[in-house]
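[1] Quick one, structure for this:
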Amino acid sequence: MAVPPPPAKAASGSGPVSNVPEWSVGDLASALKRTLEDAFGHVRLRGEISGFRGQHSSGHAYFSLKDGSARIDAVVWKGTFNRLRQRPQEGLEVVATGRITTFPGKSSYQIVIETLEPAGVGAWMALLDERKRVLAAEGLFAPERKRPIPYLPRVVGVVTSPTGAVIRDILHRLADRFARPVLVWPVRVQGEGAAEEIAGAIRGFNALAPGGAIPRPDVLIVARGGGSIEDLWAFNEECVVRAAADSTIPLISAVGHETDTTLIDFVSDRRAPTPTGAAEMAVPVRADLVAAVVDLGRRQREAVQRRLDRERSDLRALVRAMPDVDAFLAAKRQRLDLAEARLGPALAGNARVFRLRVSHLVERFARHPPTLALAQAQGRVARIGDRPGAALRHDMARKGEGLSYLGRRLVIARAGTVSRARAEQVRSRDRLDALQARLVRAGIRSTERRADRLAGLSGLLGSLGYRAVLARGYALVRDADGRAIRAAAQAAPHMTLEFTDGFVEVAPRDAAAPAAADPPKAARKKSAPTKPAPTKTAATKTAPTTAAGTAPPADVPAPLARQGSLFDL
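    Residues are numbered from 1 along each chain as shown. Got it, this is the predicted structure:
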C-alpha cells in the first residue's frame, strides 16, 4: 500500500513555489520498506545459494539466492538459523520461505528467511549422496566397525515414536519369540527437531550406567515405518549418523520398508528390512531354544551313561588282572619276620651302650661334686668385697666435679654472649635508622621525578593523541573487528565512525550506483571551489590520503594519519 508523501514545504526567498511533494531520504526509505513488506509479507522463493561463507560473528547468516537471470540478498537471523532443518550450503538449490523487506542503509531489498528446505527430490538425493560420500570418507561405514548382536539380550532398547504401529509390532514380535524387558525412548521420527531427539535418545541409552537403577540395554533398535524421502530425512541427518557410530551398544536400524535406505543403515551394526525383522534379529525363538536345551540335556545324559558303562567295564578288566592277595602279601610277611628276629639283639646291644655312658657320667660327677664348685664361687665373691661400691662412688665424685666446672664456664660464656648480642643489636638499630632516613629521601626524590615525567607525557599525549584531532571535527574509521581502515579499498560491509562524543555505524556506498558515486556535471560545477589550487610541494606529494581520496589537513598529526582514516566533518 502506497504511503502518502509528507506535505511540501514552501521554498524560502522570492523564487517560485513548486507543488511537487518533497521527501527526505529517510521518509522515502521507510515508505518503500512498509510498502514492500505489506505486498510481500510471506513468500516462497526457489533458487540456488550463493556467497554463503558460514555464520557471521554475530550469529546471523548472509548470502544470496539466484537463478539464471536474477539475484536477491538473503539473511537468516541467529535464532532462526539454529532452528533450521536444512542448513545453508554453497550451491544448494533450496526453497526459502520468508518475507521481503528493505535495507535502507544500502537502498536494496532482501528476503528474511524463516524456513529452508531442499528444492525437490533431486536436491534431496544430491544432498544425500554428498553427505554419504563425506561420512564414508571418514570411515564410519567401514565393515570392521560392525559389532555382533548379543544372542540373548537381557534388556532391549527401542528408539521410535510411542504412538505409531511400529512399537506395537516390535513388542508383539518380541513377546511371540522371547519375551524380554523393553525400554522405549519416545521420540519424533519426522519433522523439525526429530533428528536431535533421535541422536539424544541413542546417546542417552549409552549414558546409562551398567547395574544402575535403570537397566542398560544390551541391544538398541532404531525403528520407523515407511514414507517418502522427506519423511525419512531425520535418519539421514549427520547428528543421527554420528550418534549411531559412537554408540557402544550394538544397534539395529529398521527405518522404512525393504526398499528404503537411509544413512543410519550404513553405520548401524545390523540393518533390518522392517521393524518386525529387527525384533526377530534381536532375540531368538524361545520354543526353539527350549527344544535345543532339552535335546542337549538328553545328549548329556546319554553321554554320561555311556561313560559310566565304559568305566565299569574297564574296572572289571583291571580287577581280573590283579594278582591273588596271599601271593601279593607273601614277600611283605617275610620281610616282617626277618625284622622281628633282628629286633631283640639290637635292643639288648643298644641298652648296653647307654648303660656304659651313664656309668661314665656318674664317675665324673663323683670326681667334681657341685658343692666344690659352689664353694669356689663364694670365695671369689668374698675376694671382690666392696670394690664395686668404692669404684662407683669415686666415679660419681669425679663426674660431679666435672659438671660443676662446666657450669661455671657456661655462666661466664652466657654473660659474654648476652653482652655481645646487645652491642650488635645497638649497632643494627643505628644502621636501620640510617637506611630508613636514606630510603625516605630517595622515595621523595623518585616521586618528584616520576611526577614531572608523568606531567610531560600527559602534555605530549594531549598534543599527539588522536582524540585531540577528533575534537577538531575529524572521525576515525574502524571495521567490525575494531581495526582501523586506512584506505578506501579496505572498506568493509559494516564500519564504525568514532567521533569525539561517540560512535556511528555506517556502510560503504554501493559501487554499482553511478549516481551515488559521481555527481552530475552541473553539481560539480556548482560545488567547484573558488579557492586557488595550492602549489605542489614536497609536503603535499608525500602526505597520506584519507578514505575520501584527499590528503589530510596540514594540522593533522602524522601518527593519527597513519593510524586510520579521517573524515572532515
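
[2] Can you verify my assumption that Thr160 contacts Arg188?
    No. Counting by C-beta atoms under 8 Å, Thr160 sits too far from Arg188 to count as a contact (10.0 Å). From N, CA and C alone the C-beta is placed, and that goes for glycine too.

[3] Out of the two, name the residue with the larger neighbour count.
    Shown here are Thr160 and Arg188; by other C-beta atoms under 10 Å, Thr160 has more neighbours (27 against 15).

[4] Can you tell me how far the more buried one is from Gly193?
    As for Thr160, its distance to Gly193 is 16 Å (criterion: C-beta to C-beta, to the nearest Å).

[5] Check Arg216 too.
    Arg216 sits 26 Å away from Gly193, going by C-beta to C-beta.

[6] So between these two, which is more surrounded?
    Neighbours per residue (other C-beta under 10 Å) separate Arg216 from Gly193, with Arg216 holding more: 18 against 13.

[7] phi, psi of the more buried one?
    The phi/psi pair for Arg216 (degrees, to the nearest 10) reads phi -80, psi 130.

[8] who's in contact with it?
    With contact taken as C-beta atoms under 8 Å, 6 or more residues apart in numbering, Arg216 is in contact with 155, 205, 208-210, 249.

[9] Which PyMOL command selects the buried ones in these?
    The following PyMOL line selects those of the contacts of Arg216 that are buried, judged by 16 or more other C-beta atoms under 10 Å:
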select buried, resi 155+205+208+249
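
[10] Just give me the closest of the contacts of Arg216 to Ala339.
    Pro210 (70.5 Å; C-beta to C-beta).

[11] Looking at the closest one now. What's its pLDDT?
    According to the prediction, Pro210 has pLDDT 90.

[12] Now it. Its backbone dihedrals?
    According to degrees, to the nearest 10, Pro210 has phi -60, psi 130.

[13] Name the nearest residue to it, ignoring sequence neighbours.
    Among residues not flanking Pro210 along the chain, Arg216 sits closest, at 5.0 Å (C-beta to C-beta, 6 or more residues apart in numbering).

[14] pLDDT below threshold where in the stretch 301-450 of the chain?
    Filtered on pLDDT under 70, the stretch 301-450 of the chain yields no residues whatsoever.

[15] let's see it at 90
    316-338, 340-342, 344-345, 348-349, 359-395, 407, 414-416 (pLDDT under 90).

[16] Now do the helices in it.
    With DSSP state H, counting those that start in this stretch as the definition, the stretch 301-450 of the chain shows helices at residue ranges 325-367, 370-384, 387-464.

[17] of all those, which lies closest to Asp169?
    Closest to Asp169 of those, according to C-beta to C-beta: helix 325-367, at 77.7 Å.

[18] just how off-centre is the closest one within its chain?
    Distance of helix 325-367 from the chain centroid (C-alpha atoms, centre = their mean, to the nearest Å) equals 91 Å.

[19] For the stretch 1-150 of the chain, just list every one of the helices.
    For the stretch 1-150 of the chain, the helices defined by DSSP H, counting those that start in this stretch cover 25-39, 78-81, 120-137.

[20] would a markdown table of those with mean pLDDT be doable?
    Below are the helices of the stretch 1-150 of the chain laid out as a markdown table (pLDDT from 0 to 100):
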| stretch | mean pLDDT |
| --- | --- |
| helix 25-39 | 82 |
| helix 78-81 | 90 |
| helix 120-137 | 81 |
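
[21] and Tyr151, how far is that from Leu251?
    As defined by C-beta to C-beta, Tyr151 lies at a distance of 16 Å from Leu251.

[22] again with Ala287
    27 Å.

[23] Between those two, which has more neighbouring residues?
    Using other C-beta under 10 Å as the criterion, Ala287 and Leu251 rank with Leu251 on top: 27 against 11.

[24] what's the more buried one in contact with, if anything?
    By C-beta under 8 Å, 6+ apart, the residues touching Leu251 are 202, 219-222, 244, 268-270.

[25] Report the two of these separated the most.
    Longest span within the contacts of Leu251, C-beta to C-beta: Ile202 and Arg270, 14.9 Å.

[26] Return the set of buried residues in stretch 153-163.
    Residues of stretch 153-163 classed as buried: 153, 155-161 (neighbour count, 16+ other C-beta under 10 Å).

[27] Using PDB, list the CA coordinates for that stretch.
    Coordinates of each C-alpha in stretch 153-163 appear next as PDB, following Å, rounded to 0.1, in the frame of the first residue of the first chain:
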ATOM      1  CA  PRO A 153      20.000 -59.700  25.400                       C
ATOM      2  CA  ARG A 154      18.800 -59.100  28.900                       C
ATOM      3  CA  VAL A 155      17.200 -55.700  28.000                       C
ATOM      4  CA  VAL A 156      16.200 -54.400  24.600                       C
ATOM      5  CA  GLY A 157      16.200 -50.600  24.000                       C
ATOM      6  CA  VAL A 158      13.800 -49.100  21.300                       C
ATOM      7  CA  VAL A 159      14.100 -45.600  19.900                       C
ATOM      8  CA  THR A 160      10.800 -44.800  18.000                       C
ATOM      9  CA  SER A 161       7.500 -42.900  18.200                       C
ATOM     10  CA  PRO A 162       5.400 -44.100  21.100                       C
ATOM     11  CA  THR A 163       2.100 -43.600  19.200                       C
END
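
[28] From the rest of the structure, what touches that stretch?
    166-167, 170, 174, 180-189, 198, 201-202, 205, 215-224, 249, 275, 282-283.

[29] and those, which are buried?
    Among the contacts of stretch 153-163, those buried by neighbour count (16+ other C-beta under 10 Å) are 166-167, 170, 174, 180, 182-185, 187, 189, 198, 201-202, 205, 216-224, 249, 275, 282-283.
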